[in-house]
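A.B. asks: Dropping a prediction and its sequence here:
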Amino acid sequence: MSNHFRDLCHHLDALPDEPSGIILATPSQAVRDVPAASSAHCTAHSVLGDGDGVRMQHESHLEIDSSYVLNSVRNVANMQEQVIFHFGWDRKKLKKHIFDVVVTLISGERIAFAVKPEVRLYSSNKQSFVEHMQVVTWWAYETNFVDEVRILTEVDLDPITLYNAKVMAAVRAVDIDADNAAQHALRSLPVGGGSSLRELTSAIGLGARGYRALIRLLRTGEARLQAKERISPDAVIVNARDEKLIPNLPDRPVLVAEPQPALTVV
């Protein structure tokens, strides 16, 4: 046995039985995996959610950005990508549509999203994507697959919202001491009262750890930005303890499943 192999075995024997440090994200919940590569657009993976997070797959840059934004919505409880939906009259020859993302709200309602560039909504010599989605939506409602179907394009992505969504996703890891200190600093403000992230970070006294913890409070809805602006040290955040699910706040609206429209399938 070589000295190198002996040293390696000794090192492995010394490892603790329980893992410590970094914990890998939960595996993707996608019903199908996206292609490993594509010549027409990008394919990628991200880690979203809270804490250790959940790995998600994306088939375009627009899908990545849309998922970041949906991940930041205050009343989204769960997200699943690449969800297969079968539909049609002939049970032996069902058609298939793959929804890019399906979100479940804390109310239990489900909203399915089709993510598509604006230019491709109507660019077809046969049935346009919008016409296809009208049929898919009718079946999705008829079978109670989801409560609502929406199409997302780049037009729906607000640059400030997207920037903040990426910042919140980057600081998802829990830091108990810093999180407790950030909550204490925020709750020292009157409900509706605010202070800059710089001032609150200084009051916490943990440097970057405190700054990240304050941003996590924005993610959970315990705090909110006073105005719609990019998250930065000079941004003022507000103690929002009693307004977690008030719709149409300036920084982060909530999702509401709209009543199903009257549709006719052809």
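C.D. replies: That came through, no problem.
A.B. asks: Could I get the buried residue list for stretch 64-78?
C.D. replies: Using 16 or more other C-beta atoms under 10 Å as the test for burial, stretch 64-78 gives 64-76. C-beta: built from backbone N, CA, C; applies to glycine.
A.B. asks: Span of that stretch from start to end?
C.D. replies: 16 Å (C-alpha to C-alpha, to the nearest Å).
A.B. asks: So for it, mean pLDDT?
C.D. replies: The average pLDDT within stretch 64-78 is 90.
A.B. asks: Name the residues that touch it?
C.D. replies: Stretch 64-78 is contacted from outside by 42, 44, 46, 48-49, 56, 58, 79, 81, 100-101, 103-107, 113, 115, 152, 154, 156-157, 161-162, 164-166, 168-169, 219, 221, 244-245, 252-255, using C-beta atoms under 8 Å, 6 or more residues apart in numbering.
A.B. asks: Repeat the analysis, applying 7 Å as the threshold.
C.D. replies: Residues from elsewhere that reach stretch 64-78, judged by C-beta atoms under 7 Å, 6 or more residues apart in numbering: 44, 46, 48-49, 56, 58, 79, 81, 101, 103-106, 113, 115, 152, 157, 161-162, 164-166, 168-169, 221, 244-245, 252, 254-255.
A.B. asks: out of the residues you listed, which are inside strands?
C.D. replies: 44, 46, 48, 56, 58, 79, 81, 101, 103-105, 113, 115, 152 (DSSP state E).
A.B. asks: Find the pair from the residues you listed with maximum spatial separation.
C.D. replies: Farthest-apart pair in these is 44 and 105; separation 25.5 Å (C-beta to C-beta).
A.B. asks: So which of these two has more stuff around it?
C.D. replies: Applying other C-beta atoms under 10 Å to residue 44 and residue 105 shows that residue 105 carries more neighbours, namely 19 against 14.
A.B. asks: Let me see the contact set for the more buried one.
C.D. replies: 75, 76, 77, 255.
A.B. asks: who does it bridge with?
C.D. replies: Beta-bridge pairing for residue 105 (DSSP bridges): residue 76.
A.B. asks: quick one: it from residue 65, how far?
C.D. replies: If you measure residue 105 against residue 65 using C-beta to C-beta, to the nearest Å, the figure is 21 Å.
A.B. asks: could I get the contacts of residue 105 as JSON lines with distance to residue 93?
C.D. replies: Supplementary listing: the contacts of residue 105 in JSON lines, determined by distance: C-beta to C-beta, whole Å:
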{"residue": "75", "distance to residue 93": "38"}
{"residue": "76", "distance to residue 93": "35"}
{"residue": "77", "distance to residue 93": "35"}
{"residue": "255", "distance to residue 93": "34"}
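A.B. asks: between those, which is closest to residue 89?
C.D. replies: residue 255 (31.5 Å).
A.B. asks: does residue 150 really touch residue 111, like I thought?
C.D. replies: Yes - applying C-beta atoms under 7 Å, one finds residue 150 in contact with residue 111, separated by 6.2 Å.
A.B. asks: Can you list the low-confidence ranges for the chain?
C.D. replies: Applying pLDDT under 70 to the chain flags residues 1-41, 124-125, 243-253, 259-266.
A.B. asks: For it, which segments count as strands?
C.D. replies: 44-48, 54-58, 76-87, 95-105, 110-115, 148-152, 194-196, 223-225, 236-239.
A.B. asks: Most tightly packed of those?
C.D. replies: With neighbours defined as mean count of other C-beta atoms under 10 Å, those peak in mean count at strand 223-225, which reaches a mean of 24.
A.B. asks: Tell me which strands that one pairs with, and in which orientation.
C.D. replies: Here, using DSSP bridges, strand 223-225 pairs with strand 236-239 (antiparallel).
A.B. asks: Just give the closest residue to residue 219, not the sequence neighbours.
C.D. replies: Once flanking residues are discounted, residue 219 sits nearest to residue 168: 4.5 Å by C-beta to C-beta, 6 or more residues apart in numbering.
A.B. asks: returning to what we had before: and the contacts of residue 105, which two are the farthest apart?
C.D. replies: Greatest spacing in the contacts of residue 105, by C-beta to C-beta: 77 and 255 (10.5 Å).
A.B. asks: Would you mind measuring from residue 230 to residue 155?
C.D. replies: Look at residue 230 and residue 155: by C-beta to C-beta, they are 20 Å apart.
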